[in-house]
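Student: only geometry, no sequence info:
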């Protein structure tokens, strides 16, 4: 039963109720028939309403207008998808050397240190604005945590020194080792690092024999001292050879 049928039943029921309440005195038979008819109407109305509810038929709606299709503009630039977050771990030795603009030998030098020593060196700021000698700067920081004996072993390893040089170094004192290593652990621009190291050993021993402090900054003073010593000597060839040797050591 549709909605119109349900409305008709409701109107009939209302009319019956009106007749029953306002029709005056009624006999017992008439009243019984009216009651029976009223009960039938109520029962039919209840069945109709219950059937409509159980059928689950949704109320009909009017036709819907189709929604307009979205406009596509090929010239519109869509933002790129968000980048995935990059987890940053501790900086590696290679990353530290590359970021600081250091030479590749520093990587080997750092791996020759203990973990705590390496951490100190990598966490210490390099004064890059007030120095042009980055090798000397990183060597100075390594010197803060590594004793001379450890740095001597690093010096031997980094430069690949021969057994003869190692044996000669073993006869020197700690102060003499410092003078041989000078300001950096790596002998620069040398085709024969062992020869340069042996020449440094000779220079250190010669300086101490002459009583002249040996530092990287006073080799010219030593040259002048040798010239003065041999000024009245006839061994000009010896003097000249020593001067050449010292200048070659200074260049290395």
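Tutor: Structure received. Predicted model only: the values in this text are computed from it and were never measured.
Student: where's residue 150, which helix or strand?
Tutor: According to DSSP states H and E, residue 150 maps onto helix 148-159.
Student: same for the helix or strand following that helix, what does it pack against?
Tutor: Using DSSP H and E, the helix or strand that follows helix 148-159 in sequence is helix 163-169. With contacts taken as 3 or more Cβ pairs under 8 Å, 6 or more residues apart in numbering; DSSP states H and E, helix 163-169 sits against helix 148-159, helix 193-210. Using the backbone N, CA and C atoms, a C-beta is placed for each residue, glycine as well.
Student: can you pull the buried residues of helix 163-169?
Tutor: With burial defined by 16 or more other Cβ atoms under 10 Å, the residues of helix 163-169 counted as buried are 165, 168-169.
Student: Go through the residues you listed and say which is closest to residue 117.
Tutor: residue 169 (21.8 Å; Cβ to Cβ).
Student: what's near enough to touch the closest one?
Tutor: For residue 169, the contact set (Cβ atoms under 8 Å, 6 or more residues apart in numbering) comprises 152, 156, 161, 177, 180, 197, 201.
Student: tally of neighbours for the residue lying closest to the fifth one once chain neighbours are set aside?
Tutor: Going back to what we said before, that points to residue 180. Using Cβ to Cβ, 6 or more residues apart in numbering and skipping residues adjacent in sequence, the residue nearest residue 180 is residue 200, 4.7 Å away. Neighbour count for residue 200, taken as other Cβ atoms under 10 Å: 21.
Student: Let me know whether residue 200 touches residue 184 as I believe.
Tutor: No: assessed by Cβ atoms under 8 Å, residue 200 is found out of contact with residue 184, at 12.0 Å.
Student: rewinding a little: kindly reformat the helices and strands packed on helix 163-169 as JSON lines containing distance to residue 111 and mean pLDDT.
Tutor: Below are the helices and strands packed on helix 163-169 laid out as JSON lines (distance: least, Cβ to Cβ, whole Å; pLDDT from 0 to 100):
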{"stretch": "helix 148-159", "distance to residue 111": "10", "mean pLDDT": "96"}
{"stretch": "helix 193-210", "distance to residue 111": "19", "mean pLDDT": "93"}
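Student: Of all these, which one is nearest residue 140?
Tutor: Closest to residue 140 of the helices and strands packed on helix 163-169 is helix 148-159 (Cβ to Cβ; 11.3 Å).
Student: between the closest one and helix 193-210, what angle do the directions make?
Tutor: 140 degrees (axes from the mean of the first three to the mean of the last three Cα atoms, to 10 degrees).
Student: Packing partners of helix 148-159?
Tutor: So helix 148-159, by 3+ Cβ pairs under 8 Å, 6+ apart, packs with helix 105-111, helix 134-145, helix 163-169, helix 174-181, helix 193-210.
Student: got CSV for the ones you listed, with distance to residue 93 too?
Tutor: Output for these, formatted as CSV (distance: least, Cβ to Cβ, whole Å):
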stretch, distance to residue 93
helix 105-111, 5
helix 134-145, 12
helix 163-169, 26
helix 174-181, 21
helix 193-210, 23
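Student: among the ones you listed, which is nearest residue 36?
Tutor: Closest to residue 36 of the helices and strands packed on helix 148-159, according to Cβ to Cβ: helix 105-111, at 108.6 Å.
Student: Quick check: buried residues in the helix or strand just after the closest one?
Tutor: Counting by DSSP H and E, the next helix or strand C-terminal to helix 105-111 is helix 115-123. Residues 117-118, 120-122 are the ones in helix 115-123 that count as buried (16+ other Cβ under 10 Å).
Student: and what of stretch 93-101?
Tutor: Quick answer for stretch 93-101 (16+ other Cβ under 10 Å): 93, 96-97.
Student: And the protein, what are its domain boundaries?
Tutor: Taking automatic domain parsing as the reference, the chain has its domains at 91-146, 148-252.
Student: Redo those domains as CSV? Include distance to residue 43.
Tutor: Below are the domains of the chain laid out as CSV (distance: least, Cβ to Cβ, whole Å):
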stretch, distance to residue 43
domain 91-146, 88
domain 148-252, 108
